[in-house]
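Trainee: predicted model and sequence below, questions to follow.
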Amino acid sequence: MLTAFQKNFLEKIISVPSVGGKPEENAPYGKKAREVLDAFLEEACKQGFRTGTVGDRAGWVEFGTGKKLIGIICHLDVVPVSEGWNSNPFALTIVKEETDGEVMYARGIVDDKGPACAGFFAMKELLDTGRIPENCRVRLILGTDEERSCSCIRYYAAHGEIPDFAITPDSVFPVIYSEKGILQLKVYGENQNGWKADGGSAVNIVPNSACCFINGKEFSAVGRAAHASKPELGINAIILLADAMEKDGINLEDYPVMKFVKDLHEAFPKGIQDGEEAGRLTLNVGMLHADQDGCEARIDFRVPASTDCNDLINKIKEMASGYGLETEVTLHLPPLLKDRKSPEVRVLTDIWERYMDQFTGFKEEYRKLHLQPKAVGVGTYARHIPNTIAFGIQAPWQTDQCHQANEHVAVSDFLLWTAIIKDFIEAFCKLK
């Protein structure tokens, strides 16, 4: 059960709709992103922690003394809210359910406000009980623009103190030794037919709605949102929109952007996927827009280390040119590969093994399936700040909650997050 302090703190942080916005003075990522950071740091200061900010882009909460610095790196910004919520996404809603007991619903409760709060609660418990690490400082680092560009943590890496070792609880268990590269492209061209279209809210989310107007007629489609790293968990409304247009007798050849994304989506699994251990190549057609200025689609690829990204870019450019379209690379992050046999990975794996059977939905056969370090498609802060590795925070057999409507976590699992982070702190402060 949550303590009164934990519940109140979570409610305060969740209540700020910290979707990235337009830059303002002292708020480079918008007023709400700065508001949630200030709220977090203000409360941490009241609880006896040292706090600070780095260039108004990231903040930190710290305790302990000494040269050695152990880090927990999270973010407080969230993705836009899609349709399909059964509760207010910016109010902490706790529901008692038959299988999982008390369950918390809120935008960011998993990605990544919840883990940030769990890290803070772990630090607070150690501070309150006098278990302050000797000759070691512990710092919770809080970014505010992870969902759009990660520029917050890149700025911190350039201007802030780098931990000797850190985890970012912004993925899944077990230890993540490899993260796929992230490639985002804009494919665009002229609007020769005067149609209007809109679909998706962010390139890294499977779009759950899309619509267009052609000769005064409206077409629309409803899908299901999911994180772009796992597009198979969603239903892409932009692709459904293309299907609806064709079903009505519209020739997609007259709308090259739609024809391109539909053909790419259909041909992709057969032509470009990769089955290596580092994971398969995936794509998400995340956004669509058409107006008098032109037409464009934005596409997100997750690229395993075994795939030549430049070769992929050239293939997409060549394909798009066949439709009379231009291609622009808007984001290109190379894959991340860590030493899966390092002492740090072994210690984290031991911590996960102690707790994995306590998570909701655990079955004994999961012990062999989900114990060893793995590769994933999500991109975390680990690729932007040295000495950092993704560790947690969701159990791998559970449905991925990132970027989805009705984002939720069982209270019992949330409390395990806090216990695991507390064990991480104590273990790594002692690790030579």
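Mentor: Here it is on my side, so go on. This one's a predicted model, so the numbers in the text were calculated from it and none came from an experiment.

Trainee: what's the weakest-modelled helix or strand in the protein?
Mentor: helix 256-271 (a mean of 83; mean pLDDT, DSSP states H and E).

Trainee: could you list the buried residues of it?
Mentor: The neighbour-count criterion (16 or more other Cβ atoms under 10 Å) identifies 256-262, 264-265 as the buried residues of helix 256-271. For glycine as for every other residue, the C-beta is placed from the backbone atoms N, C-alpha and C.

Trainee: which one of those residues is nearest N215?
Mentor: M258 (14.9 Å; Cβ to Cβ).

Trainee: so that closest one versus N251, what's the distance?
Mentor: 10 Å (Cβ to Cβ, to the nearest Å).

Trainee: residues contacting the least confident helix or strand of the chain, please?
Mentor: Applying Cβ atoms under 8 Å, 6 or more residues apart in numbering, the contact partners of helix 256-271 are 187-189, 197, 236, 238-239, 241-243, 245, 252-253, 283, 285, 288, 290, 295-297, 299, 316, 319-320, 323-325.

Trainee: dump the buried residues of helix 256-271 into a markdown table; add distance to I94 as well.
Mentor: Shown next, in a markdown table, are the buried residues of helix 256-271 (distance: Cβ to Cβ, whole Å):
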| residue | distance to I94 |
| --- | --- |
| P256 | 49 |
| V257 | 44 |
| M258 | 43 |
| K259 | 47 |
| F260 | 45 |
| V261 | 40 |
| K262 | 42 |
| L264 | 42 |
| H265 | 39 |
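
Trainee: quick check: the farthest pair among the residues you listed?
Mentor: With Cβ to Cβ as the measure, no two of the buried residues of helix 256-271 lie farther apart than P256 and H265, at 14.7 Å.

Trainee: now do the buried residues in the helix or strand following the least confident helix or strand of the chain.
Mentor: Downstream of helix 256-271, the first helix or strand assigned by DSSP states H and E is strand 282-291. Across strand 282-291, burial judged by 16+ other Cβ under 10 Å covers 282-290.

Trainee: how about strand 282-291 as CSV, C-alpha atoms only?
Mentor: What follows is strand 282-291, C-alpha atoms only, in CSV (Å, rounded to 0.1, in the frame of the first residue of the first chain):
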residue,chain,number,x,y,z
THR,A,282,10.6,-2.3,-37.4
LEU,A,283,8.8,0.8,-38.7
ASN,A,284,6.0,3.0,-37.7
VAL,A,285,4.2,5.5,-40.0
GLY,A,286,3.6,7.9,-37.1
MET,A,287,2.3,11.1,-38.7
LEU,A,288,0.4,12.3,-41.8
HIS,A,289,-0.3,15.9,-42.9
ALA,A,290,-1.6,17.5,-46.1
ASP,A,291,-2.6,21.1,-46.8
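
Trainee: the inter-axis angle of it versus helix 256-271?
Mentor: Orientation check (axes from the mean of the first three to the mean of the last three Cα atoms, to 10 degrees): strand 282-291 against helix 256-271 gives 170 degrees.

Trainee: helices or strands up against the helix or strand following strand 282-291?
Mentor: Next helix or strand after strand 282-291 toward the C-terminus (DSSP H and E): strand 294-303. Counting contacts by 3 or more Cβ pairs under 8 Å, 6 or more residues apart in numbering; DSSP states H and E, strand 294-303 is packed against strand 181-189, helix 256-271, strand 282-291, helix 309-321.

Trainee: chain center to the helix of greatest length in the chain, what's the gap?
Mentor: Using DSSP state H, we find that the single longest helix of the chain is helix 411-430. From the chain centre to the centre of helix 411-430 is a distance of 21 Å (Cα atoms, centre = their mean, to the nearest Å).

Trainee: please name every helix or strand in contact with that helix.
Mentor: Looks like helix 411-430 contacts strand 68-75, strand 101-105, helix 113-128, strand 136-143, strand 165-168, helix 343-355 (3+ Cβ pairs under 8 Å, 6+ apart).

Trainee: partner strands of the shortest one, with direction?
Mentor: When sheet partners are counted by DSSP bridges, strand 165-168 sits next to strand 68-75 (parallel), strand 388-391 (parallel).

Trainee: pull out the buried positions in it.
Mentor: 165-168.

Trainee: what helices and strands are in contact with the helix or strand just after that strand?
Mentor: Once strand 165-168 ends, the next helix or strand along the chain (criterion: DSSP H and E) is strand 171-172. When contacts are defined as 3+ Cβ pairs under 8 Å, 6+ apart, strand 171-172 sits against strand 393-394.

Trainee: pairing partners for the strand it packs on, with directions?
Mentor: strand 171-172 (parallel).

Trainee: the helix or strand following the strand it pairs with versus helix 343-355: what angle between them?
Mentor: Once strand 171-172 ends, the next helix or strand along the chain (criterion: DSSP H and E) is strand 175-179. Angle, strand 175-179 to helix 343-355, by the same axes, to 10 degrees: 130 degrees.

Trainee: contacts for strand 175-179 next, please.
Mentor: 171, 278-279, 305, 335-340, 345, 348-349, 352, 373-380, 382-383, 389-391.

Trainee: now do that strand and strand 294-303, the angle between them.
Mentor: Going by the same axes, to 10 degrees, strand 175-179 makes 130 degrees with strand 294-303.

Trainee: off-centre distance for strand 175-179?
Mentor: For strand 175-179, the distance to the chain centre is 14 Å (Cα atoms, centre = their mean).

Trainee: next, the contact list for the residue nearest to R148 when sequence neighbours are not counted, please.
Mentor: Nearest non-adjacent residue to R148, counting by Cβ to Cβ, 6 or more residues apart in numbering: G20, 4.8 Å away. Taking Cβ under 8 Å, 6+ apart, we find G20 in contact with 29-30, 33, 77, 144-145, 147-148.

Trainee: pLDDT at G20, what is it?
Mentor: At G20, the predicted lDDT confidence score is 96.

Trainee: and for C402?
Mentor: pLDDT recorded at C402 is 87.

Trainee: count the residues that sit near it.
Mentor: By other Cβ atoms under 10 Å, the residues close to C402 number 25.
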